[in-house]
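J.: With the sequence up front, the predicted model follows.
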Amino acid sequence: MFNIVEKRRWYFLFSAFLIILSLAAMGVSMSRFGQPLRLSIDFVGGSIFVFTFEGPASEDAIRDVFNSYGMDSAIIQPLGAIEENTWQVRSREVTADEVGSILDSLQSQVAPIDTDTLRFDTVEPSVGAEVTRAAGLAILVASIVIVGFMWFSFRKVPHAIRYGVCTIAGMLHNLIITFGFYALMGIVAGWEVDALFLTAILTVIGFSVQDVIVVFDRIRENIPRRRSEAFETVVNRSILETIHRSLATQLNAMFVMLAIILFGGDTIKPFIATILVGMVSETYSAIFIAVPLLVVWEKGATRRAMARATA
Amino acid sequence: MRKSEIWQLALIGVVALVAVYVVIDVQRPGWVNNLAFWQPEGRREIALRLGLDLQGGLQVLLAADVPDGQELDPTSMETARRIVESRVNSLGLTEPLVQAQGDRRIIVELPGIDNPDQAVETIKGTALLEFANAGTLPLAPGTLVTTSLGGPSLGQSGATPDIVTGDTVTDTTTSDVVPVETRTLETVLTGASLENVGLNIDDQNNYIVPFELDSEGAQIFAEYTASHVGQYLCIVLDKEVISCPRVDSAIPGGEAMIRGDFSYDTARQLAIQLQYGALPVPLKVESFNRIGATLGAESVDKSVRAGAIGLGVVFLFMLIYYRLPGALADLGLIIYVLLNIALYKLAPITLTLPGIAGFILSAGMAVDANILIFERMKEELRRGRGLFTAIEIGFSRAWPSIRDAQISTLIICAILFVFGTNLGASIVKGFAMTLAVGTVINIFTAVFATRTFVRQVAASAETWIAERKWLLGV
């Protein structure tokens, strides 16, 4: 029988490496932007505009308009090729009555704007602070409830709490790697944390237990059947028995997510990519981290018990 | 075939047919369109509703502008929402949305509106209070007037929607003929000169609204009342006469009161309106965003394409990897897609871009239940069990895992929903809704329907299948 659990040190090492990379990405982001993940206006407040001019536009002309409203620190960037005349401007929060006149000024001083593709978004800084608090709370509540649920549904298994704790470890692993991925994309592609990112993270938390549940379920089923086998062997057998299913499910989820990333709308690409990374990490961590950790714990406990018995 | 199995097949068939009927675009008789009885009349049409991010428009998030920690009266929030709603309705948009979000926010979605300034003006519609000179002719309360600052707005052709009597908003569609004054009255002062507004009871036990004017206003008021003794001074709110008291004597000092036929509620309402504008709760704009219509249409096209491609691949995968059971799971998946879309139309659930993503994702995950079952079935077959035993073990042993996974998804959906609702993040809500609906439907299609199909096919062609093991992917 192929032994997955035996080589656990390598997986732990590999995961440690990924976690270090993730933390490093957040560190770089911290030093460059002052935030471990770049925050969007949903969290810090401000305004963002995306407009397509119906003629050539220059950054200077756009800047002049925004400067005249006292927004000297507005960040102005072209989106896509310069010839597409699509620009994104990020500024302090603009009030409702300013928007109309800013757009008028742009129309008259830069070039006509295609209103059919015009997009803007404004968030008050005070809301941003509240969103941040609520987001933290949502993640915390979600993690606790999910782990509580795990503990509840495995309550009849000996050491149910260990199953819960191993699930937490796997979940943390997934969260750190997903955050790290997003921090990296923030550095290279300017991705920002918004309400959708949070949705993605909560989804990852929810899916974080799916593969673990399947393997744990199988362990639960196999323990009474194979009393003669060592715990490690039972666990390994359970992983091998369920790995087809884990991979097939993962593959199907990947198909639809890749389809959305490749063919879907631009605005949800970061969202789906985040879920994809989270889910790949979750399948990996279920088989190679959470379950082997359970083995380490059980073995350690057995060894201590034996030591006590012989002493 | 056992009787219960016939019933099960019939149930699945009927559900699938109803779903098809709801999903396809056909002319439906009126009573069918009225079936969604839980919806208010006029909103029962069976149609897909697209969120603002898919059809383009303006979304404004309003929040009660009160100091932190101050208690908000839920009835006044609801009144504010209804006032905002009637104002938004006066814009004549198709399907605008005004919804309470949590206990201190109102979300307003205005499809097809571009200018946030115009929209916010309409929504907030600060009440304009005027003291207008009516000369020697008093005007009845409720009369619409034109003052030197302009006439009634277009939406005010009937009774104004803004005046709140008791707890109910006066219906804009009442057929009462509203008296309209043809003269143009001279505006003496506006509410801008008001400094303090109170609520009190006079000697005759009538409610009165005393107010104080700032120094400039007080002076104008004193001069006016001195020179117009015996004439009528109308108090006009948003071009509607509230009361028309006679000036009995000059009023120096800038302190006066509004007397009218007030109940406690109307007096209080007036005092609040004068102080904060026409809403019982002052509202501020917390965020707004706008999406161009073309962008929305593009997103719809792309999502449909991405969904079709993604699901197509899943479809093929199931067929190739699991063969006959896979084909039956695909049949379940088709019913799954139909049921979801039918429910979006019936409930109705407004589709947003993340909502569609949630649906596609849930469809991709929907086959997980089947995969669990079929893997278990294959395992049992390899162990040499018979076809029927393998099928039954497959379904029964996979069930705990499926159930636990579904419950954890639903827990997350609930948290997402609460999170999205309290912050007015309707995109988060859209995702949570479609994911949750998909998860529940999944139990019906992937477990119940597919199991029925598999049992039936196995029962009717047992030996034929047993001779062709490759059909089972073993």
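T.: The structure has been received and is ready for your questions. Numbering: from 1, shown residues only, chains lettered A, B, ... in the order given.
J.: As a check, name the ranges of all helices in the stretch 151-300 of chain A.
T.: A:160-189, A:195-207, A:210-225, A:231-263, A:269-285, A:291-310 (DSSP state H, counting those that start in this stretch).
J.: Any residue of the last one touching chain B?
T.: Spelled out, that is helix A:291-310. No. Residues of helix A:291-310 contacting chain B under C-beta under 8 Å from any C-beta of the partner chain: none, with a closest distance of 14.4 Å. Every C-beta, even on glycine, is put in place using the N, C-alpha and C of the backbone.
J.: Quick one: distance of that helix to the chain centre.
T.: Distance of helix A:291-310 from the chain centroid (C-alpha atoms, centre = their mean, to the nearest Å) equals 34 Å.
J.: Could you do the third one as well?
T.: Going by C-alpha atoms, centre = their mean, the spacing between the C-alpha centre of helix A:210-225 and its chain's C-alpha centre is 27 Å.
J.: list the helices and strands that helix packs on?
T.: If you count contacts as 3 or more C-beta pairs under 8 Å, 6 or more residues apart in numbering or on different chains; DSSP states H and E, helix A:210-225 packs onto helix A:125-153, helix A:160-189, helix A:231-263, helix A:269-285, helix A:291-310, helix B:387-422.
J.: try the fourth one
T.: The helices and strands touching helix A:231-263, judged by 3+ C-beta pairs under 8 Å, 6+ apart, are helix A:210-225, helix A:269-285, helix A:291-310, helix B:293-346, helix B:353-382.
J.: Which of these comes out lowest on mean pLDDT?
T.: Ranked by mean pLDDT, the helices and strands packed on helix A:231-263 bottom out at helix A:291-310, with a mean of 82.
J.: Give the other helices and strands that that helix contacts.
T.: helix A:8-33, helix A:160-189, helix A:210-225, helix A:231-263.
J.: Quick one: the helices of the stretch 151-300 of chain A as TSV, columns for mean neighbour count too.
T.: Shown next, in TSV, are those (neighbours: other C-beta atoms under 10 Å in any protein chain shown):
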stretch	mean neighbour count
helix A:160-189	21
helix A:195-207	25
helix A:210-225	21
helix A:231-263	21
helix A:269-285	23
helix A:291-310	14
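J.: if we can go back for a sec, any chance of a markdown table for the helices and strands packed on helix A:210-225, columns distance to residue B:261?
T.: Listed next are the helices and strands packed on helix A:210-225 as a markdown table, based on distance: least, C-beta to C-beta, whole Å:
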| stretch | distance to residue B:261 |
| --- | --- |
| helix A:125-153 | 41 |
| helix A:160-189 | 62 |
| helix A:231-263 | 62 |
| helix A:269-285 | 57 |
| helix A:291-310 | 76 |
| helix B:387-422 | 41 |
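J.: Out of these, flag the one nearest residue A:205.
T.: Nearest of the helices and strands packed on helix A:210-225 to residue A:205, taken as C-beta to C-beta: helix A:125-153 at 4.8 Å.
J.: Which one of the helices and strands packed on helix A:231-263 lies nearest to residue B:113?
T.: Proximity to residue B:113 (C-beta to C-beta) singles out helix B:293-346 among those, at 10.9 Å.
J.: domains of chain B?
T.: By the assignment in automatic domain parsing, chain B contains the domains B:3-49+B:292-472, B:57-291.
J.: Go through the ones you listed and pick out the most buried.
T.: Across the domains of chain B, the average number of neighbours (mean count of other C-beta atoms under 10 Å in any protein chain shown) peaks for domain B:3-49+B:292-472, which reaches a mean of 19.
J.: before we move on, back to that, relative to residue A:206, which of the helices and strands packed on helix A:210-225 is closest?
T.: Across these, residue A:206 has its closest neighbour in helix B:387-422 (3.0 Å, C-beta to C-beta).
J.: pLDDT of that closest one, averaged?
T.: 87.
J.: now the angle from that helix to helix A:210-225?
T.: Per axes from the mean of the first three to the mean of the last three C-alpha atoms, to 10 degrees, the angle that helix B:387-422 makes with helix A:210-225 is 140 degrees.
J.: mind checking the SS state of the residue nearest the centre of chain B?
T.: Centroid-nearest residue in chain B: residue B:99, 4.6 Å away (criterion: C-alpha atoms, centre = their mean). Under the three-state scheme (DSSP: H, G, I helix; E, B strand; the rest coil), the conformation of residue B:99 reads as strand.
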